[in-house]
Structure formats: structure tokens, C-alpha cells
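Q: sequence? don't have it. structure:
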Ligand SMILES: [Zn+2]
Ligand SMILES: [Zn+2]
């Protein structure tokens, strides 16, 4: 396989700092989510107020934090990471999320969670892929942020159909009892990470498990949020 170490994963130019993975120019060109509801990260009037949907029917998590929409070039990079055997992209994506998260943290928009959980892959998928894409991103993130991370606290108990193309009711049934939580989350501030958040149905199911287990707050973290 062609080694990309020392080159920007997006424009293939030489990198001054090889471990950054994405050059300064490509990083600046990424279209950040602007004017989105703080709770669901979908387009809204303002970054500071909940959108109409969340006012009417608030999701169980407190905040959804994502870097960009699921559009080129980042969606291509994520696909390459997941489906073309490039686990070395994990650190690049982790750093991208870290920088975005730190900015909001310094601006006082969110607090640091006590621990991070990942949306798990079913073991069959993990076996096919050879790695768990979420776990590889969370590991460096948890280390940099000094948050607790233990893989396997959240487990997928059965394989589920892909959520794409299912109605809202079908999605709910599809995910029912698909996850199991281990450990004590009483009074914990928890972040749940997924690489891409689309319908939010998986997030909904897992956040509710956490709340039932006593979690005080849940932040949803993702590299991309499909708009
Ligand atoms: Zn570049
Ligand atoms: Zn909203």
C-alpha cells in the first residue's frame, strides 16, 4: 500500500508536521457546521438557541458536537478509513475532532465529560473490517483529554439492519435491545462517540440506556453530522 506518511491525506502536498495528517490549507477549507442547533446540530436560526424540533421534542442528549457535514472531502476520507483498510487515518480524524472540541471548550460552550463511550460495531463487522473505527479514534482522544475510556462498556448484542431506508418506527424496532451497557454511570458526564451521525436513532437508543444507568449528562460526539 502506498504510504502517505508526511503527506496531506486530502491534497497530497508535503506536510510540515507529518502527524497532523491534514495540511493547514485543507483544514481551513473544511466547511464547519455554522448556525446549527446546539442540541441536534441541524441547521437553525442561531448557534445559541434550540431549534423548533428540539423545543418540541428534545433528544435525550444535551449537546451534539460534530466538526462538519458529511460532504467531500471528509466523507471520502472517512470511507477510505473504514472500507479501504486505512486505520492510520484514525489519528488524523481524532486530532480534527480534538481541535474542534477544544475551541468550544475554551469558549465555554461545553464541559469536559468524565468518560467516553463508542458506538460499537457488531463483532462480525469488526472481524470483516479488521478494526473498530470508533475505538481507534477514541483511544487517542481520551488520552489527550484525560477522560476515561474502556472499550466494551457499551456492546452490541445483535447485528442490526442498516438504518438507511427504514421509517422512524422501523428504526426504533430495529435497534430495540441491540445494545447492552456495563459499568456504573451514576452521576457521570458521558460523551458517546460515533464517526458519523445520520438519523440519530442509534444515539437515541444508547443515550437512553445511559440515562437509565444514572448518567447525569450525555454529549454526542462525531466527526460528521449528515444534514
Ligand atoms: Zn492538504
Ligand atoms: Zn435542534
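A: Structure received. All values reported here derive from a predicted model rather than from experimental measurement. Ligands and ions are numbered 1, 2, ... in the order given.
Q: So for stretch 46-57, first residue to last residue, what's the gap.
A: By Cα to Cα, to the nearest Å, the extent of stretch 46-57 from end to end equals 18 Å.
Q: for stretch 143-151, same thing?
A: With Cα to Cα as the measure, stretch 143-151 spans 13 Å from end to end.
Q: Check whether the closest residue in space to residue 157 that isn't next to it in sequence sits in a helix, strand or coil.
A: The spatially closest residue to residue 157, leaving aside those adjacent along the chain, is residue 180, at 5.0 Å (Cβ to Cβ, 6 or more residues apart in numbering). The C-beta positions use only the backbone N, C-alpha and C, and glycine is treated the same way. Judged by DSSP: H, G, I helix; E, B strand; the rest coil, the three-state class of residue 180 is strand.
Q: Show the pLDDT at residue 180.
A: At residue 180, the pLDDT value in this model is 91.
Q: Let me see the ranges of the helices in this structure.
A: Taking DSSP state H to define them, one finds helices in the chain at 24-29, 52-56, 74-83, 90-106, 123-129, 133-145, 168-175, 201-212.
Q: Please identify the residues of the chain in proximity to ligand 2?
A: 37, 39, 40, 51, 54 (Cβ under 5 Å from the ion).
Q: Turn those into TSV, columns for pLDDT and neighbour count.
A: Output for the residues of the chain next to ligand 2, formatted as TSV (pLDDT from 0 to 100; neighbours: other Cβ atoms under 10 Å):
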residue	pLDDT	neighbour count
37	96	22
39	96	20
40	96	21
51	95	18
54	96	17
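Q: Comparing the helices of the chain by mean pLDDT, which bottoms out?
A: helix 168-175 (a mean of 71).
Q: re earlier: quick check: the two most widely separated of the residues of the chain next to ligand 2?
A: In those, the most distant members under the criterion Cβ to Cβ are 39 and 51, with 7.4 Å between them.
Q: Next, count neighbours for the residue nearest to residue 157.
A: Neighbourhood size, residue 180 [other Cβ atoms under 10 Å]: 13.
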